[in-house]
Structures are given as C-alpha cells and as structure tokens.
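Trainee: Okay, here's the prediction I keep looking at, along with the sequence it came from:
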Amino acid sequence: MIEALNKPITYVKGVGPKRAEVYEKLGISDAFDLLCHFPRDYVDYSVQVPIAQAPTDEPCCVKARVVKKLAPAFIRKGLTVYKAVLTDGSDDLTLIIYNAEYQFRSLCDGREYILFGKLSGNAVRREISSPLILPADSPDLIQPVYRLTEGLSQNMIRQNIHSVLDSIGGTIYEPLPKEIMQRYSLCSLDYALENIHFPRDSHALAVAKRRLVFDELLTLRLGMTLLRLKGLKATSCRMKEYDISDYYSSLPFELTGCQRRAIEDCCADMCRDYPMNRLIQGDVGSGKTAVAAGAACFAAGNGYQTALMAPTEILAHQHFETLSGFLEPLGIKVALLTGSLSAKKKSALKEQIKNGEYNVVVGTHALVQQSTEFQHLGLVITDEQHRFGVGQRDTLAAKGNNPHKLVMSATPIPRTLAMMIYGDLDLSVLDELPKGRQGIETYAVTGKLRQRAFGFIRGQLDQGRQGYIVCPMIEENDMELQSVREYSERLQADDFRDYRVGLLHGRLSPADKDKVMREFKDHELDLLVSTTVVEVGVDVPNAVIMLVENADRFGLSQLHQLRGRVGRGKYKSYCILVTDNVTEESVKRLKILSSTSDGFKVSEEDLKLRGPGDFFGSRQHGLPPLRIADMSSDTELLRLAQTAADGITAVDPELNRPEHKGLRELAQRLFKEDRQEK
Ligand code: ADP
Ligand code: MG
C-alpha cells in the first residue's frame, strides 16, 4: 500500500487534531480508512422535475435560475433567514436558508442551480427550505451522502476525501493481480475509489461498486484462510487408521450416505499432522449426533478421549443418552457432567475423567471447559446453535495438546454463504434426511380453527403419539410466564383433560427442566406445553404434532427449527401454525413454511423477506463488519470472489508472493479492525 494512505488522518489536508477526533468516532484513523468510508447513499441531481409538478411529500430535484435575492431577515440572535426567488419557467420557487450566510452569498443572480429537497407551500406559492444546492453546470451530478457524526458535515467529508484522492492522483497501488482484473472484468482500484465517491454517472458508479464489493469479499475469504493457517499447529493427537465397522453395524439404523462420508472425513482429518477443524452442517433431523458418535468411536479406538459440549443441560442430557446408547455396547464409556450433580459426585467424576476411565465426556460448554482435566483429550465436539466469533471456539483447544475439533451446526445457510461464514473450517454437509422419514405437513391457520386443531391433536394422542404446543415468550418476564402457565392449566383442565399435560419453560431450574423433559421422553406426558426452550435439538421421535401459538412472532428459520422437533421418527408428522395476524406479509411468510421443508430454502426466503440487516449482520457470525458488500444480495459476486480467492490460495496460501502483497495487507487490515471493535 502506498505510504500516504497509511499515515494518520491528520496528514490529510484540512484535517486537524480536532477533526481527527471526530473521524475517530467513525472508526477512521488514516487516509485509507477515509477512502473506505463509502457513501451510504447518493443524490442524483441529473433527475429533475419542473417546479410546477414537483411533489410536496417527498424530496426531489428542481433546476431553477435565481431571479432575486431578498434582504436577510434577522429574526433574533442566532436566527437569520435568507430568501431568494428562483424560477424554471414552469413556476416560481422561494428558497429559504437559515443562518448559512456563506451559502446564501455564494448564490449568483441570474445563475442556474439544482436544488434537492422537499417542496412545501401551495400551488400559488412554492417554497423549499434548506435544500442541497449544486450549480447546474457542475460536472458531478451524482453526489455522495455519507454517514455522519457530530462535528462533521457532508461537505467536510467530501472535501477531505477529495484532497486524499488529489494527493495520490491516480497513483494508488493496485492490490489485484492483472489477471484477476481481466478475468472478472473489474475496473482499477483508482477508478473505483474515484467513482464511488464522485461518480461520473450511474454507470461509472455501478462499475466502481462492483469492484469494491468484489475486493471486500475476496479479502474476507483470503483473511479467513490466513486465519486458519495461523491456527495450524501440529497436533499431538495424530491418530491411526482404526476400523469402526462395529459401530456401523451396531446402530439401530443404516446411516445415510452423507453421514458415512462425514464420519470418514473426520477420521481422515484426525489422521493428519494438523488438528481437524471441521463443521458438520445439516438441517434439523439430519442425524448429526450419529456422526459425532462415529468420530468419538474412532478417537476412542485410538486411545483418545472426546469431549462433547452442548449449549443447554437438556441437550447435554440427550446427547449423553444417544451417545451411550450407541457407544456403550462397544465398550466405550460415556460420562455426563452436569450442574445438577452433587459436589461430591462431580469431583469423583472429574477424578475418573482425569484418570482416563471415561472415553467420552458430555456436558454443557461451561462445565466441560471449567476445571475439567483429561488424560488424553483428542477430540472436542461442539454442538453450536449459532456461530461464535471467528477464533473464539478455541478455549478448550488451548488446553495444551491441540486436539481435533468438530462443530455441529443446524443453522441452515445457503451453501455459498456458509463457505464464507465458516471459511476457516472444513465443511461436511448432511443434505439427505434418513430413510423412512414421512415429512412434516405444515398448515397456517387463524385462531378460529384452534378447536379443530385441538381435536386433531387429540386424535393423534389417541393413537399413542405425543405432541408439543409452543407459546412464544418474548421477554421471559413474570407476566408472560403467568399467561403461559394459565394457558397450560386451561388445556389440562379443559381440552386435554383426559391426557397428561406438562409445562416446560426457561425459568425452570435445570433439574426441573430435565425432569419434565424426561417424563415427556418416557411418554409419561402426552402433551408438552413449552416456550422456545424446546427449540434446541430435543429429540423425541414419538412426538408427531406441534402447534405453535402466535406463530408470526417467530422468525421463519426459528419456526423451521421448532418444527424440526417433530417428524423425527417413522410417523407422519404435522405442524400447525396459529396466527391471528393475517396481514399479507405475515401470510406470505408462513406460506413459505407450508410450501417447503428444506431449511436452506426457508433461510433464503427468510433472508429475502427480512432483508440482510439482522440475519447476516456480521456480529452474529463473528465476521468483521463489511463496508460495502451485502452477503445476501451480492451473491453472484460472492461466488466469483470465492472462486478467485480459492484460486489464489491454491498456489500461494499465505499470500507471500510479491503480486499478492497488496491483498495480504488488505486481509490483515480487515481482521485487525475486527479485533479493535471487540
Ligand atoms: P440433528 O441433526 O437434528 O441433531 P439427531 O442427530 O438428533 O439430528 O437425529 C435425529 C433422529 O434421527 C434421532 O432420533 C436419530 O437417532 C435418528 N437418526 C439419525 N440418523 C439416522 C439414520 N441414518 N436413519 C434413521 N434414523 C436416524
Ligand atoms: Mg442435534
């Protein structure tokens, strides 16, 4: 990168220490940052309307000649009103400016200007207050609008950026290799920076934006690769080939092809010099636990212990049951470490873990991480609901012997995005559901049909099946809890008086949650009324029906996760979404769920409807903030940038070649900034 861009922002002409402080608030500390402060919007002065036809409810541009400047009116101290009359032939317009004497004085009688703002007044007398004003002969008819902070104006930023661009005048370095620019038809960085700030026309702007979005996504991908290489420290848990066909044959079902492949991927990874760093991504019900168990079996065969961390106690319990069911018959010992154990039992258990008496330890993240010592920890499995920050997953790995890592995630993300977001991990996708699944029929209904739905549920319970009723709790406060409790009592007393109804909510103690869940699992309950705690991975194959109250309060992906609690066994399953919100938007959303059972499709549609805002908000995925790219709409460029990045890393993974120096700097910059913000 050229020197001048790395220098503190005070080196920019017109930026003193005071303004530098203001810039600091926007995260801008050098000239390069300033150039990367891209406009949040543009005003296009080239699209104008005649004054007589200008709307009064939204801003627009009019082009008019100054006819007469009126004498200023001093209203009081600190308030002077300047007025001028302008015309464009179709009508007159009174321009009103408050206090900005300098701006007013710069207007010349008889000269034409383009004004951008909202008109007011009536047909007889049209006015415009404090508009943006541009001389009509200005060469730059598209003007940037920047994100501001106190002490900064649009003009100041424009001027400062102008002087940076001037000072480097077409000599900015070019971080992209020529060949890539040609292959992907990208303009030069010079041109892009110039035109993103001061676009010549809308075409130039589009070309500039395309280049900068490409750069950002490319840089992100390269940065993830660098990050991953940095984490590469030889493992002391290198394993050897070990036959786990006993595991395969002892399972009560046949693994799907992709489950088998995922297990084989893991085994191969663990036989290498470097620790495995793999993500198993699969929709709800795709059978991730069986993959985890396969990997644990392989590790145990090699004499290594496995730790499996779950996000909640309920899930830890469930994983424990599944894993011990799969593994104990093979002589692999599984321990469950939970908060509800007595202190004495806990310390006895920890002692046994330390002595290597257990091969597999299941527990919540906190428990397994804190103070648990292992004899030969070789594999760490994390069941993750959401993405942690890049590089934050490694606390356990830091425990000395650099074990292998496997992450399970049910967040369905379109594949290209997953590659970006999880770019520091290898990926195994479970995109095939186990055989014999009957699918889930999903219906959206209004409250008027609730009684009928209850009748339908009773019919299912009569056949020996079980069901869930889910009530959203937004704030998990006492009032909400009270109403969920009452609702459940009403069901027990009334519609479901002949059935056993249980209640599960987030305020129960872990032990009580566990008790309710166990009763439901053991079919001592027929119907479970629950808040969203049931969302996370609970597995009761005999449960075939779920009714969700106030379904419109949930995000689509969340509803998809929820309904994944049914349809997990051999029975046909149903999901009834109840909502009295029948706005077009709400109906459209819920229809998506009735029309597809594919979590990837659901998440794509959800994304389209909700917009990128929160869904791919960078924070959520622990990625550095993006300045210009939008991972949800720039999908084509995302694909191109990924291909380009992977091409580069295939020949020069650490970006050591001279022609990749610029990219390396950019990538390091991107991830450095991330750290500062945390
Ligand atoms: P998830 O991927 O949602 O965590 P689980 O691992 O909990 O899914 O598996 C869901 C259910 O499917 C469990 O009851 C599990 O025993 C069962 N299962 C897993 N793999 C298969 C398979 N290949 N065939 C039949 N059932 C399977
Ligand atoms: Mg699961």
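Mentor: Thanks, I have the structure now. Ligands and ions are numbered 1, 2, ... in the order given.
Trainee: near ligand 1, which residues of the stretch 351-500 of the chain show up?
Mentor: Applying CB under 6 Å from any ligand atom, we find that the stretch 351-500 of the chain lies next to ligand 1 at A410, P434, K435. C-beta here means a position set from N, CA and C on the backbone, and glycine is covered the same way.
Trainee: which SS class is the last one?
Mentor: This points to K435. The three-state label for K435, taken from DSSP: H, G, I helix; E, B strand; the rest coil, comes out as coil.
Trainee: Verify the stated contact: it with E254.
Mentor: Yes. The pair K435 and E254 qualifies as a contact (CB atoms under 8 Å) at a distance of 6.9 Å.
Trainee: Counting neighbours, go ahead and name the busier of these two.
Mentor: Taking K435 and E254 together and counting by other CB atoms under 10 Å, E254 has the greater number of neighbours (13 against 10).
Trainee: so which helix or strand takes in that one?
Mentor: Using DSSP states H and E, E254 falls within no helix or strand.
Trainee: Over to Y574?
Mentor: In the assignment (DSSP H and E), Y574 maps to strand 573-578.
Trainee: quick one: stretch 577-586 to chain centroid distance?
Mentor: Relative to the chain's own centre, stretch 577-586 is displaced by 25 Å; criterion: CA atoms, centre = their mean, to the nearest Å.
Trainee: got the CA coordinates for that stretch in CSV?
Mentor: Coordinates of each C-alpha in stretch 577-586 appear next as CSV, following Å, rounded to 0.1, in the frame of the first residue of the first chain:
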residue,chain,number,x,y,z
LEU,A,577,-49.0,-22.5,12.9
VAL,A,578,-51.7,-20.4,14.6
THR,A,579,-51.8,-16.7,14.0
ASP,A,580,-54.4,-14.0,14.0
ASN,A,581,-52.1,-11.7,12.2
VAL,A,582,-53.5,-12.0,8.7
THR,A,583,-51.6,-9.2,7.0
GLU,A,584,-50.4,-10.0,3.6
GLU,A,585,-46.8,-10.1,4.8
SER,A,586,-47.4,-12.5,7.6
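Trainee: Close to ligand 1: what parts of the stretch 151-300 of the chain are there?
Mentor: Counting by CB under 6 Å from any ligand atom, the stretch 151-300 of the chain sits next to ligand 1 at 253-256, 259, 282, 284-290.
Trainee: Identify, from those, the entry nearest to M517.
Mentor: T289 (16.1 Å; CB to CB).
Trainee: quick one: that closest one and E321 touch, right?
Mentor: No. In this structure, T289 is not within contact of E321 by CB under 8 Å, at 10.0 Å.
Trainee: more crowded one of the two?
Mentor: Comparing T289 with E321 by other CB under 10 Å, the one with more neighbours is T289, at 21 against 17.
Trainee: Setting aside sequence-adjacent positions, which residue approaches the more buried one most closely?
Mentor: Leaving aside its chain neighbours, T289 sits nearest to T322 (5.0 Å; criterion: CB to CB, 6 or more residues apart in numbering).
Trainee: Isn't the one you found up against G287?
Mentor: No. Here T322 does not reach G287: they are 10.2 Å apart, not a contact under CB under 8 Å.
Trainee: So what touches stretch 523-535?
Mentor: With contacts defined as CB atoms under 8 Å, 6 or more residues apart in numbering, stretch 523-535 is touched by 312, 314, 457, 461, 466-473, 476, 484, 487-488, 491, 496, 499-506, 513, 516, 519-520, 542-543, 554, 558, 561-562, 565.
Trainee: Just the buried ones out of the residues you listed, please.
Mentor: 312, 314, 457, 461, 466-473, 484, 488, 491, 496, 499-505, 513, 516, 520, 542-543, 554, 561-562, 565 (16 or more other CB atoms under 10 Å).
Trainee: List the ones among these that fall in helices.
Mentor: I314, I457, L461, V484, S488, L491, K513, V516, F520, Q561, L562 (DSSP state H).
Trainee: Next up, the contacts around the residue of the stretch 301-450 of the chain found nearest ligand 1.
Mentor: Closest contact between the stretch 301-450 of the chain and ligand 1, by CB to the nearest ligand atom, is at P434 (3.0 Å). For P434, the contact set (CB under 8 Å, 6+ apart) comprises F253, T256, G285, S286, G287.
Trainee: try 7 Å
Mentor: Neighbour list for P434: F253, T256, G287 [criterion: CB atoms under 7 Å, 6 or more residues apart in numbering].
Trainee: ok, how many other residues are close to the closest residue in space to the second one that isn't next to it in sequence?
Mentor: Just to be clear, that refers to T256. Nearest non-adjacent residue to T256, counting by CB to CB, 6+ apart: E432, 4.9 Å away. Applying other CB under 10 Å, we find 15 residues neighbouring E432.
Trainee: Now do the contacts for E432.
Mentor: Contacts of E432 by CB under 7 Å, 6+ apart are T256, G257, C258.
Trainee: Distance of F32 relative to K405?
Mentor: F32 is 35 Å from K405, where distance means CB to CB, to the nearest Å.
Trainee: got the end-to-end distance for stretch 486-503?
Mentor: 10 Å (CA to CA, to the nearest Å).
Trainee: What is the neighbour count of the nearest residue to V566 once chain neighbours are set aside?
Mentor: In this structure, V566 finds its nearest non-sequential neighbour in S573, 4.1 Å apart by CB to CB, 6+ apart. When neighbours are counted by other CB under 10 Å, S573 registers 24.
Trainee: mind checking how far S573 is from ligand 1?
Mentor: 12 Å (CB to the nearest ligand atom, to the nearest Å).
Trainee: I'd like to know how far that residue sits from A316.
Mentor: 25 Å.
Trainee: Show me which residues of the biggest helix by length in the chain are buried.
Mentor: The residue-count maximum for a helix in the chain (DSSP H) belongs to helix 202-230. Residues 204-205, 207-226, 228 are the ones in helix 202-230 that count as buried (16+ other CB under 10 Å).
Trainee: any idea where the strands of the stretch 351-500 of the chain begin and end?
Mentor: 360-364, 377-384, 404-409, 426-430, 440-445, 466-470 (DSSP state E, counting those that start in this stretch).
Trainee: Not counting its neighbours along the chain, what's nearest T219?
Mentor: Leaving aside its sequence neighbours, T219 sits nearest to L666 (CB to CB, 6+ apart; 4.6 Å).
Trainee: Just confirm the one you found contacts E174, I think it does.
Mentor: No. If you go by CB atoms under 7 Å, L666 and E174 don't touch, sitting 11.6 Å apart.
Trainee: which one of these two has more residues nearby?
Mentor: Ranked by neighbour count (other CB under 10 Å), L666 and E174 place L666 first, with 21 against 11.
Trainee: That one belongs to a strand?
Mentor: No. If the criterion is three-state DSSP, then L666 is helix and not within a strand.
Trainee: mind checking pLDDT for it?
Mentor: We have a pLDDT of 87 for L666.
Trainee: ditto for S29
Mentor: At S29, pLDDT is 90.
Trainee: Might you report the residue contacts of the nearest residue to it once chain neighbours are set aside?
Mentor: Spatially, and ignoring its direct neighbours in sequence, S29 is nearest to I9 (5.9 Å; CB to CB, 6+ apart). Residues near I9 by CB under 7 Å, 6+ apart: V15, A20, Y23, I28, S29, D30, A31, L34.
Trainee: Next, I9: phi, psi?
Mentor: The phi and psi values for I9, taken as degrees, to the nearest 10, are phi -60, psi -20.
Trainee: Low-confidence regions, the stretch 351-500 of the chain specifically.
Mentor: The stretch 351-500 of the chain contains residues with pLDDT under 70 at 366-370, 385-400, 411-419, 421, 424.
Trainee: Likewise for the stretch 551-678 of the chain?
Mentor: 607-608, 610-623, 632, 672-678.
Trainee: tally of neighbours for the residue nearest to D269 when sequence neighbours are not counted?
Mentor: Ranked by CB to CB, 6+ apart and with sequence neighbours excluded, the top spatial neighbour of D269 is M276, at 3.5 Å. M276 has 25 neighbouring residues, counting by other CB under 10 Å.
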